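S.K.: Next input, structure requested:
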Amino acid sequence: EVQLVESGGGLVQAGGSLTLSCAATGITFDDYAIGWFRQAPGKEREGVSCINYDTRSPAYADSVKGRFTISSDDAKNTIYLQMNSLKSEDTAVYYCRYYNGRTSYWGQGTQVTVSS
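M.R.: Numbers count the residues shown, from 1 in each chain. Presented below is the predicted three-dimensional model:
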């Protein structure tokens, strides 16, 4: 059974940093893609960053390039999202998603609130 558990969200001032973690069970970090999405109030869920395991290259939404960094610790089956220079528009619930080529699996989400 695939389980994704996010942690690390919280309240931070604009310009600050947070690191989110996603601990995964039931998957192996060598197939397809795993990454982060976010959903702000009244908005659709959007992709933030992901690691594609065919190329092992990270991808980022334009809105977070240069500020966010995705990484993985395969031994711990955990991915991270280092978020720097946070802005009020980064406020959202952040979700971890794993895609195995057929099905998407989602975590429960973690709230990130950036105060201006």
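S.K.: So which residues of this structure form strands?
M.R.: In the chain, the segments counted as strands under DSSP state E are 3-7, 10-13, 18-25, 33-39, 46-52, 57-60, 68-73, 78-83, 92-99, 104-106, 110-115.
S.K.: Pull out the buried positions in the fifth one.
M.R.: Buried positions in strand 46-52, judged by neighbour count with 16 or more other C-beta atoms under 10 Å: 48, 49, 50, 51. (Each C-beta comes from the backbone N, C-alpha and C, glycine too.)
S.K.: what's the lowest-pLDDT member of the residues you listed?
M.R.: Lowest in pLDDT among the buried residues of strand 46-52 is residue 51, which has 91.
S.K.: Contact partners for it?
M.R.: 33, 34, 35, 57, 58, 59, 70, 72, 79 (C-beta atoms under 8 Å, 6 or more residues apart in numbering).
S.K.: could you dump the helix or strand of the chain with the lowest mean pLDDT to PDB, C-alpha only?
M.R.: Using mean pLDDT, DSSP states H and E, the weakest-scoring helix or strand in the chain turns out to be strand 57-60, at a mean of 92. Output of strand 57-60 as PDB, limited to C-alpha atoms (Å, rounded to 0.1, in the frame of the first residue of the first chain):
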ATOM      1  CA  SER A  57      16.200  15.600 -13.400                       C
ATOM      2  CA  PRO A  58      14.100  18.000 -11.300                       C
ATOM      3  CA  ALA A  59      11.500  20.200 -12.800                       C
ATOM      4  CA  TYR A  60      10.100  23.400 -11.300                       C
END
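S.K.: Quick one: list the elements packing against it.
M.R.: Other elements packing on strand 57-60 under the criterion 3 or more C-beta pairs under 8 Å, 6 or more residues apart in numbering; DSSP states H and E are strand 46-52, strand 68-73.
S.K.: buried stuff in that strand?
M.R.: So, applying 16+ other C-beta under 10 Å, buried residues of strand 57-60: residue 60.
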